[in-house]
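Enquirer: Sequence and predicted model, in that order:
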Amino acid sequence: MTSTLTEPQTQTTAHDMARAFADRPALMLRAVGVHKTFTLHGQGGIEIEALAGVSLDVARGECVVLVGPSGAGKSTLLRCLYGNYLASAGTIAVRCGAAVDGAECAAEDSTRTNPAAHCIAITNAEPRDVLHLRRHMMGYVSQFLRVIPRVPTLALVAAPLVARGVPEDEAEHRAAALLERLNIPKRLWPLAPATFSGGEQQRVNIARGLIADHPLLLLDEPTASLDAENRDVVADLIVEARERGAAIVGIFHDEDTRLKVATRRLELQPPLSCGANALTPAALH
């Protein structure tokens with residue numbers, strides 16, 4: 001069964017966004033009418049529209065898989081949701097728990113945050129608020145591992161926990177357990193991952209992105225470089241995160257992984273060839 005997302009006529013107001021989070025305690029992410037246009041300044045200011053009016057709600061315990069052809073804007077949408085790209089239009093908001101590991105929301109401006117609903121609109125947030133969300137609410141796994149040179153793998157994976165105040169020995173213990181589950185040989189843990197194989201680097205990247213048990217996970221092809229055995233391990237970890245209540249938006253290159261992790265799909269098409277994006281809400285069983 002396929003249903004059609006209705007494109008909003010105007011950008012949603014801060015009050016409307018806050019009310020949505022207040023009325024729906026399970027709602028973790030809301031994107032309304034998101035557009036993204038890139039301007040190629042080196043080519044005479046040509047504009048390329050990457051996203052056109054994408055809307056999406058994601059609640060706890062859901063895994064929404066983005067599907068569509070190359071050029072449909074799947075990775076662009078994830079980067080907008082994480083705040084790496086600033087949306088050209090539309091609104092994106094993320095629930096900001098009243099306290100996560102003892103840390104309060106940094107946002108104070110009532111045009112961005114509603115104290116009752118605990119949400120932050122990334123599309124007009126202060127940098128400190130985006131950093132707060134990334135540290136305490138949003139985990140992101142990209143296709144590529146970008147790390148500081150010479151940092152040992154064990155410390156690299158443990159770092160998100162240490163940044164949240166977890167004692168270093170406990171953080172490294174949890175990192176070791178995750179690296180072992182992801183089949184990273186123990187002899188590699190004291191080494192920086194720059195010389196690892198592509199699959200090993202991707203698994204380190206996944207461990208770093210999943211270790212903190214963020215309430216919201218954004219996954220950009222986390223299994224693209226993995227063999228079937230390790231792909232299954234990662235899929236199991238994603239399902240476990242979903243079952244503990246994480247809200248997940250992801251891109252997966254193989255259909256078997258999609259079927260295992262997804263609760264529904266959001267189909268994207270290149271903006272010039274699409275109308276409203278189609279959402280498949282049915283569970284994939």
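Expert: Perfect, I can see it now.

Enquirer: Quickly note the distance from Leu77 to Glu62.
Expert: According to C-beta to C-beta, to the nearest Å, Leu77 and Glu62 sit 16 Å apart. In this view, the C-beta of every residue, glycine as well, is placed from N, C-alpha and C.

Enquirer: Among the two, which residue is more densely surrounded?
Expert: Applying other C-beta atoms under 10 Å to Leu77 and Glu62 shows that Leu77 carries more neighbours, namely 29 against 20.

Enquirer: contacting residues for the more buried one?
Expert: Residues near Leu77 by C-beta atoms under 8 Å, 6 or more residues apart in numbering: 31, 34, 36, 51, 54, 66, 268.

Enquirer: Off-centre distance for the helix or strand encompassing it?
Expert: Taking DSSP states H and E as the definition, Leu77 sits inside helix 74-82. Centre-to-centre, helix 74-82 and its host chain are 8 Å apart (C-alpha atoms, centre = their mean, to the nearest Å).

Enquirer: What mean pLDDT does it get?
Expert: For helix 74-82, mean pLDDT rounds to 95.

Enquirer: next structured bit after it?
Expert: The helix or strand immediately downstream of helix 74-82 is strand 89-95, counting by DSSP H and E.

Enquirer: Report the angle between the helix holding Leu77 and strand 89-95.
Expert: Angle of helix 74-82 versus strand 89-95, following axes from the mean of the first three to the mean of the last three C-alpha atoms, to 10 degrees, is 60 degrees.

Enquirer: can I get the CA coordinates of stretch 21-34 in PDB?
Expert: Only the C-alpha atoms of stretch 21-34 are listed here, as PDB (Å, rounded to 0.1, in the frame of the first residue of the first chain):
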ATOM      1  CA  PHE A  21       6.200  17.400  19.500                       C
ATOM      2  CA  ALA A  22       4.000  18.300  22.500                       C
ATOM      3  CA  ASP A  23       1.100  16.300  21.200                       C
ATOM      4  CA  ARG A  24       3.100  13.200  20.100                       C
ATOM      5  CA  PRO A  25       5.500  12.100  22.900                       C
ATOM      6  CA  ALA A  26       7.000   9.400  20.600                       C
ATOM      7  CA  LEU A  27       7.900  11.900  17.800                       C
ATOM      8  CA  MET A  28      11.700  12.300  17.500                       C
ATOM      9  CA  LEU A  29      12.100  14.000  14.100                       C
ATOM     10  CA  ARG A  30       9.900  16.100  11.900                       C
ATOM     11  CA  ALA A  31      10.900  17.500   8.500                       C
ATOM     12  CA  VAL A  32       8.300  19.700   6.700                       C
ATOM     13  CA  GLY A  33       8.700  20.900   3.100                       C
ATOM     14  CA  VAL A  34      12.400  20.500   2.900                       C
END
